[in-house]
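1. What follows is a predicted protein model with its sequence.
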Amino acid sequence: MRYVLQVPQLLIIEDDARIRSLLMRALDERGYAVSSAATGMAGLSEVVDRRPDLVVLDLGLPDVDGTEVLAMIRAVSQVPIIIASARDDEPSLLRALDSGADDYVIKPFTAAQLEARIRAVLRRAGGSSKLPNVVVVGDLEIDVRARRTTLAGEKIELSPKEFELLAYLAGRAGEVVTKRELLTDVWQQSYGGPDKTVDVHLSWLRRKLGETADRPRYLQAVRGVGVRLAAPET
Ligand code: CA
């Protein structure tokens, strides 16, 4: 069975550049894959193009009112939406919730508060989530929700990006994944020629898994193609 396993993809629609970059950084550090849009219409096309797992939507946007953006998103997608707004007046929030928003946070809020809502909404939305809880590859156990990795029962400390990379490879365990795919899916970067980012993170991950490129175990390089996560041959 092939299942897709990725860290949740979030889309932040927010016109305030400062709030946007704060949230992006905070949520990225917490291991989410985050993209953003500064206007309602850009946000709508991101929803269509990227199919995020959850949208954080500001109500006060420069081009189209957030409640209208919400309606437009709902016309094309059932993606969970959390309203983030300075408008703490009941009517606009009630209207947003009536129009299909899943939850809301009132500005100012902390990244931790927002993340708690994100987790709750994703949990509610994802009864049949595409994310399996735990992927086991040989002695390697990757608990995606708890963000915990163990090798032969020993906990391995990974940086958020290392974990994201490993979780992505685990979701496609046994399959060769190209560096271009990793750059696009894990780093959300379009491929612009040789890039050391993937190689550097793979070598860090290798070190933490106690292996080297010369003596690979779980991270098996396929020359000229990419890398495959698989149980070491015994
Ligand atoms: Ca705003």
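-> Yep, that arrived.

2. Got the domain ranges for the chain?
-> Per automatic domain parsing, the structural domains of the chain span 9-124, 134-229.

3. Out of these, flag the one nearest the ion.
-> Judged by CB to the ion, the one of the domains of the chain that comes nearest to the ion is domain 9-124, at 3.7 Å. In this view, the C-beta of every residue, glycine as well, is placed from N, C-alpha and C.

4. List the buried residues for the host helix or strand of Ile19?
-> Assigned by DSSP states H and E, Ile19 belongs to helix 17-29. Buried positions in helix 17-29, judged by neighbour count with 16 or more other CB atoms under 10 Å: Ile19, Arg20, Leu23, Met24, Ala26, Leu27, Asp28.

5. So the second one sits against Ala38, correct?
-> Yes: with contact defined as CB atoms under 8 Å, Arg20 counts as touching Ala38 (6.9 Å).

6. overlap in contacts of these two?
-> Glu14 (CB atoms under 8 Å, 6 or more residues apart in numbering).

7. Quickly list what the closest residue to Gly210 other than its chain neighbours is bridged to.
-> Sequence neighbours aside, Leu151 is the residue nearest to Gly210 in space, at 7.2 Å (criterion: CB to CB, 6 or more residues apart in numbering). Per DSSP bridges, the residues bridged to Leu151 are Leu140, Glu154.

8. Show me what the lengthiest helix in the chain is packed against.
-> In terms of residue count, the longest helix belonging to the chain (DSSP state H) is helix 111-125. Contacts defined by 3 or more CB pairs under 8 Å, 6 or more residues apart in numbering; DSSP states H and E place helix 111-125 against helix 17-29, strand 54-58, strand 81-85, strand 103-106.

9. Make JSON lines from the ones you listed and add distance to the ion and mean pLDDT to it.
-> As requested, the helices and strands packed on helix 111-125 are exported to JSON lines (distance: least, CB to the ion, whole Å; pLDDT from 0 to 100):
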{"stretch": "helix 17-29", "distance to the ion": "8", "mean pLDDT": "92"}
{"stretch": "strand 54-58", "distance to the ion": "4", "mean pLDDT": "96"}
{"stretch": "strand 81-85", "distance to the ion": "8", "mean pLDDT": "92"}
{"stretch": "strand 103-106", "distance to the ion": "13", "mean pLDDT": "92"}
